[in-house]
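[1] this one's structure only:
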């Protein structure tokens, strides 16, 4: 490497960064070449002082010189607990330049979802879904990028970014393919753990190539930088000592050379021995000593600036350091001259309305760590009050409150609770959790303690159900939760137990609380919740006589309140699973509605009951052939969750059940598309959850209906669709679907074993509905040659149960199964009857299958053509191929 340095306009810290700068120039060239080009991501990684910030500054200079818009942001070591801090820095300048109406127009439906996280609008009444907020932030950048193309996003010190920003950054980086944006990220290796580390790794992986790792300067480059700074007369021994003292660290080299200039040291071998002392004064203890040399007031000012970390203004620092304005101005000037503080570059990272920042994060860290522990804690307490008094809100003040020592301060507890509420409202439950955990250490007063635990349990419900269980159980064991608040806490605890795969404990929890209460609305609600959890249990019935007791209780209900409506829904669902007459199921379900619609308080985003009760209602309509009502409900769920920004588990389930309705109706292409989207979202939420099983099971079932057997098997293998099955009910029955899959791939004996296991489980549970749990139909077909007597008995039992249930679909499917065991005219007569029933059914795939089978059995070209037309409209490619093959061979047809 020669001593050739960077261009005159560039920073001295860019020595030996030619490859990195060239990569930036290429990426900007690609961005500007075509508005429809794919996005690009550059990640620069390097230890402190290796020139990451200088490289990003050069990126900005090049981009702006070529007509690009540049937005930038920077993480802060003491700001990692502030949710959305970095993404706010990045996007706020672009949004605050718009009128509110313009911002709403650009962000569209995402305005009310992402706007509160960005601080451009107040949060709504609903609790924000973190995944929805993340998706909203991605959408916000996408929409703004179209306006401001060509756009370059620059994020420095990403290792210090808050977790919420890193979650967005990982999601955004993965979706750059269809967005013409250049994203440039700089980070240190290490310095981050847990979820934040996982998000940063995802960002690096999305770069699609090796991450550029910055290295220290070589001796030659150090010599070149030394001579460029001090003059060509700097001799070789002096230059070598500069490199030896700094290790080739560009930042330390630049600072050391500035010290040499200040001290008027001659750059010759005889003076090289002074370099180590000069270098020590620029870092660590030497920096602290230099700071103290500026005087006690300047030191206090620097300490206060380090406590604030961001938004450093002379006035704010003066309040925190308890100094007069004139003294503060003088101290700021001293610290600027000492290269400890500087004025932010107005073209670079927004300084959150501050007019000062530290020259380098290394200096900020050294100053912060130099504050005596007790004083640092006290200053954070004062800073919290200063921030709150400045109108920045409890959430912004909370990062300081988290650093204060516990001192039995009830006011601090209330401030942290308020901050937690603000965090939850904008979609940052982890930040809320930190605030409430800190409030517990204060500790709260006895009369408040249970409420803090309850609020903490609510904040962690979706992210840490096991922890939530502990918090809520502790809260319920204390005084302080009474009336409706206690009932809601019991319900939340049961939800947490459900999410933690402790369904039996969930049932026992609400059962015990209901027994403690006297007759009335509260007890009725808990009884309904108990029956709800028992109703979705996939194992044996939780308590003997449950269905009878539920029927007796529902018989007294008129639907005058939501507890009664819930009981009617539960009774209808129970009747449906047990195969009682479909008209009874529909009558019970209809009574739970108000003028044909969901009652207020029983909506898809209402938290008093949760979504399970509504999924039960819609499933009852699905299996009783009222698919119009079911599809309307599932569509409403999807739209409600999308408009509310709930794009996690709730949205995955809505897609899964809408796909389920499409499958039942015979819209197999739409079903597959919807279910693949459900599975994509479910993957993001986490494997093993009931919603994941719903998406996978329905997709396998749909692919089998389409005749895509190999794809169905691949999905099953890829997503673990195999025993053990979840403890909650999944629709359709996963054991029955897997048995059908095994039959389709030719593993008949394995299929028989699986279907017999499904029979045993369904019998133990009392699930006798032959459409919901269709094991008997497939098992009869599987045994038709090896055990025809048992196969015939299975088909006969299935037909009897279908006639008891009474829907056209159930009876038609039972007749198809019976026909599969017969030959000749008896098979033709049974299939003719099946067609009659199924053409009145809304389930068009089953109708198409019956038509094709009837046409083949009756040797009727016309009937096969009718079945072929239906199969094509359904997207049932396997049926289409079967019908075509028969028509093409033509043997025996008339």
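    The structure has been received and is ready for your questions. Just so you know, these numbers come straight off a predicted model, no measurement behind them. Numbers count the residues shown, from 1 in each chain.
[2] Next SSE downstream of the helix or strand bottoming out on mean pLDDT in the chain?
    Using mean pLDDT, DSSP states H and E, the weakest-scoring helix or strand in the chain turns out to be helix 284-292, at a mean of 74. Later in the chain than helix 284-292, the nearest helix or strand by DSSP states H and E is helix 296-308.
[3] Give me the neighbour count for residue 154.
    Per other CB atoms under 10 Å, the neighbour tally for residue 154 reads 24. Where you see a C-beta, it was placed from the backbone N, CA and C, and this is true even at glycine.
[4] need the contact list for the residue nearest the centre of the chain.
    The structure's the chain has its C-alpha centroid closest to residue 131; by CA atoms, centre = their mean the separation is 3.4 Å. Each residue near residue 131 by CB atoms under 8 Å, 6 or more residues apart in numbering is listed here: 646, 647, 648, 684, 685.
[5] same deal with residue 667?
    The neighbours of residue 667, taking CB under 8 Å, 6+ apart as the test, are 844, 874, 875.
[6] Look up how far residue 822 lies from it.
    According to CB to CB, to the nearest Å, residue 667 stands 31 Å off from residue 822.
[7] and if you look at residue 724?
    Taking CB to CB as the measure, residue 724 and residue 822 are separated by 37 Å.
[8] Could you check which of these two has the larger neighbour count?
    Taking other CB under 10 Å, residue 724 and residue 822 do not tie; residue 822 has more neighbours (17 against 5).
[9] tell me the mean pLDDT over the helix or strand residue 550 falls within?
    Secondary structure assignment for residue 550, by DSSP H and E: helix 546-555. For helix 546-555, the per-residue pLDDT values average out at 93.
[10] cool, and stretch 749-766?
    Average pLDDT, stretch 749-766: 94.
[11] Could you give me the buried positions within that stretch?
    Buried residues in stretch 749-766, counted by 16 or more other CB atoms under 10 Å: 751, 752, 754, 755, 756, 757, 758, 759, 761, 762, 765.
[12] which one of those is nearest residue 216?
    Of all those, the one with the least separation from residue 216 (CB to CB) is residue 754, at 61.8 Å.
[13] Quick check: closest non-adjacent residue to that closest one.
    With CB to CB, 6 or more residues apart in numbering as the measure, residue 739 is the residue that lies nearest to residue 754, at 4.0 Å, once sequence neighbours are left out.
[14] before we move on, the earlier item: so of the buried residues of stretch 749-766, which ones are in strands?
    Secondary structure of those is defined by DSSP state E; no position falls in strands.
[15] Please convert those to CSV, extending it with distance to residue 494.
    Putting those into CSV (distance: CB to CB, whole Å) gives the following:
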residue, distance to residue 494
751, 37
752, 38
754, 32
755, 33
756, 33
757, 29
758, 28
759, 30
761, 23
762, 25
765, 20
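[16] From these, pick the one nearest residue 481.
    The nearest one, if we look at these relative to residue 481 and count by CB to CB, is residue 765, at 34.5 Å.
[17] for the chain, which spans come out with low pLDDT?
    When the per-residue scores of the chain are filtered using pLDDT under 70, the ranges that remain are 1-12, 281-286, 346-354, 462, 538-543, 891-892, 894.
[18] got the angle for the host helix or strand of residue 563 vs helix 546-555?
    Per DSSP H and E: residue 563 is located in helix 562-577. Our comparison of helix 562-577 with helix 546-555, counting by axes from the mean of the first three to the mean of the last three CA atoms, to 10 degrees, yields an angle of 140 degrees.
[19] Flag every buried residue along whatever helix or strand comes next after helix 562-577.
    Using DSSP H and E, the helix or strand that follows helix 562-577 in sequence is helix 582-591. For helix 582-591, burial by neighbour count (16+ other CB under 10 Å) applies to 582, 585, 586, 588, 589, 590, 591.
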